[in-house]
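Q: output the structure for:
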Amino acid sequence: MRSFPYILPEQASTYAERVDPLFYTLTIFVGVFTITILGILIYFGLRYRKLKGENRPSVHQDIMPLELTWTAIPTVIALAIFAWGSVLYYDYSNIPENTLDINVIGKRWMWKMQHPNGLREVNKLHIPVGQPVKLTMTSQDVIHSFYVPAFRVKQDVLPARYTTLWFEATRTGTFPLFCAEYCGTDHSTMVGEVVVMEPHEYEQWLEGGPALSPVAAGEQLFQQQGCYTCHMAGEFSRGPALDDLFGNEVRLRTGEMVIADEEYLRESITNPSAKVVEGYAPIMPSFANLSEDQVMDLVAYIKTLTE
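A: Sure thing, here's the model as predicted:
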């Protein structure tokens, strides 16, 4: 694989196949308009320059049709490109349902990955070809940015919250992974690889992982921290029941309705007083002392409680 190529890297995802035509179209239009306008400026500057001793008074001319033309054409082109980009953005925002969910933690200066069966890796991400992959990401310190040029995807990774990124690889191989947000002294060393494998090879690779999955680890932590004592379903529970919570609307004490997604669960664990559920007192202690890995394990377990 070439390093720092002068053209776009090879396409390796379904999104790359759709976004590249838009990129090339923008590049062509910018190039054509830049060269055309620059050429006209140079020509007019030479053709109509004022010579020494020449008296050339300014003359007002009504060129409204010409002004409308050079205003309308770029406007139509800009709106067409905007519509094209909006459709791509809208389609990409709809994450498929059959995704392979992987947790990612950014830390100066490395990427930590965790697969559904609990297998962990650093600065390498193994995935199967032809299957949508969803990354749930957070940062342990500062802002990072997960960037895979061959997939044409990039997403900021923020501390104290979750961001998501998804892609579907279309070919096997090894592709560079970068941090695209300056994160400190050794930012340039925060690199890795995405290894795309055939599905059966990926399954074989997963067999070398630990027996304890994030869900199982989260269930253990749920018991160890005594979460079940307050969140049991029943009339006298001191906290809201977690059955059928994930993905549904929750009414807060303020009357506001929110969706119980991954970000809501994370915030409720680390800062439970931020969004208190209606009918309950803000008595839950903060579990901000848990590591990001442990919080992700808890979130993974709570998600399984919803049928």
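
Q: leaving out chain neighbours, which residue sits closest to residue 257?
A: With C-beta to C-beta, 6 or more residues apart in numbering as the measure, residue 249 is the residue that lies nearest to residue 257, at 5.1 Å, once sequence neighbours are left out. C-beta coordinates here come from the backbone N, C-alpha and C atoms, glycine included.

Q: tell me how far the one you found lies from residue 200.
A: Here the criterion is C-beta to C-beta, to the nearest Å. By it, residue 249 lies 41 Å from residue 200.

Q: from the chain's centroid, how far away is stretch 251-260?
A: Here stretch 251-260 is found 25 Å from its chain centre; the criterion is C-alpha atoms, centre = their mean, to the nearest Å.

Q: show the average pLDDT along that stretch.
A: Mean pLDDT, computed over stretch 251-260, is 90.

Q: give me the residues contacting it.
A: 245-250, 264, 275-278, 280 (C-beta atoms under 8 Å, 6 or more residues apart in numbering).

Q: end-to-end on it?
A: Looking at stretch 251-260, the gap from its leading to its trailing residue is 10 Å under the measure C-alpha to C-alpha, to the nearest Å.

Q: ok so residue 121 is a strand residue?
A: Yes. Residue state for residue 121 (DSSP: H, G, I helix; E, B strand; the rest coil) corresponds to a strand.

Q: who does it bridge with?
A: For residue 121, the beta-bridge assignment (DSSP bridges) gives partners residue 113.

Q: and the helix or strand encompassing residue 77, which residues are buried?
A: Using DSSP states H and E, the element containing residue 77 is helix 64-93. Of the residues in helix 64-93, those with enough neighbours to count as buried (16 or more other C-beta atoms under 10 Å) are residue 92.

Q: the helix or strand following it pairs with which strands, parallel or anti?
A: Sequence-wise, the next helix or strand beyond helix 64-93 is strand 100-107, with elements assigned using DSSP H and E. In the sheet containing strand 100-107, the strands it pairs with under DSSP bridges are strand 110-114 (antiparallel), strand 132-139 (parallel).
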